[in-house]
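Participant: return a 3D structure for these sequence lines:
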Amino acid sequence: MQGRYGIDQLSKFLLILGLIVVFLSVALGEHPAALICYLIGWILVIVCYSRVFSRNVAKRYSENQKFLAKTYRIRSFFQRQKNIWRQRKVYHIYTCPSCRQKIRIPKGKGKIEVRCPKCGTTFVKKS
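Facilitator: The predicted model follows:
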């Protein structure tokens with residue numbers, strides 16, 4: 001693999017998408033769209049491996065950067081959800097009723113009055 005580009009996020013995405021499309025075509029069975037799905041899936045897998053074994057590192061890098069720029073909002077949304085899910089054991093996350101700001105309150109403090117740091121609204125919640 002010396003001198004080859006290797007695996008990046010775009011290659012992983014193409015490989016997973018290609019395999020999902022191939023398995024979808026198997027699930028369709030004898031439907032006419034199954035053959036098209038099957039071909040598209042294998043084309044995606046072949047494109048993935050051609051990227052992995054490519055020697056044009058600069059071009060593959062720029063393609064991956066464009067892919068990351070286009071998918072930034074989706075990836076950051078899932079990263080935020082993952083972070084909230086990880087914190088739910090220790091904190092309650094409430095939303096301010098007036099400005100919709102999310103506020104993190106530690107669990108186990110009983111009934112407390114929460115003051116929104118953004119707009120200053122106070123409301124009572126159980127922690």
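
Participant: quick check: closest non-adjacent residue to Ile36.
Facilitator: Ser25 (7.9 Å; C-beta to C-beta, 6 or more residues apart in numbering). Bear in mind the C-beta positions are built from the backbone N, C-alpha and C, glycine included.

Participant: same check, this time on Leu10
Facilitator: Closest to Leu10 by C-beta to C-beta, 6+ apart is Phe67, at 4.3 Å.

Participant: element containing the one you found, please.
Facilitator: Per DSSP states H and E, Phe67 falls inside helix 57-70.

Participant: and the closest residue to Cys37 other than its chain neighbours, which helix or strand is it part of?
Facilitator: Counting by C-beta to C-beta, 6+ apart, Cys37 lies nearest to Ser25, which is 3.6 Å off, once chain neighbours are set aside. Using DSSP H and E, Ser25 sits in helix 9-28.
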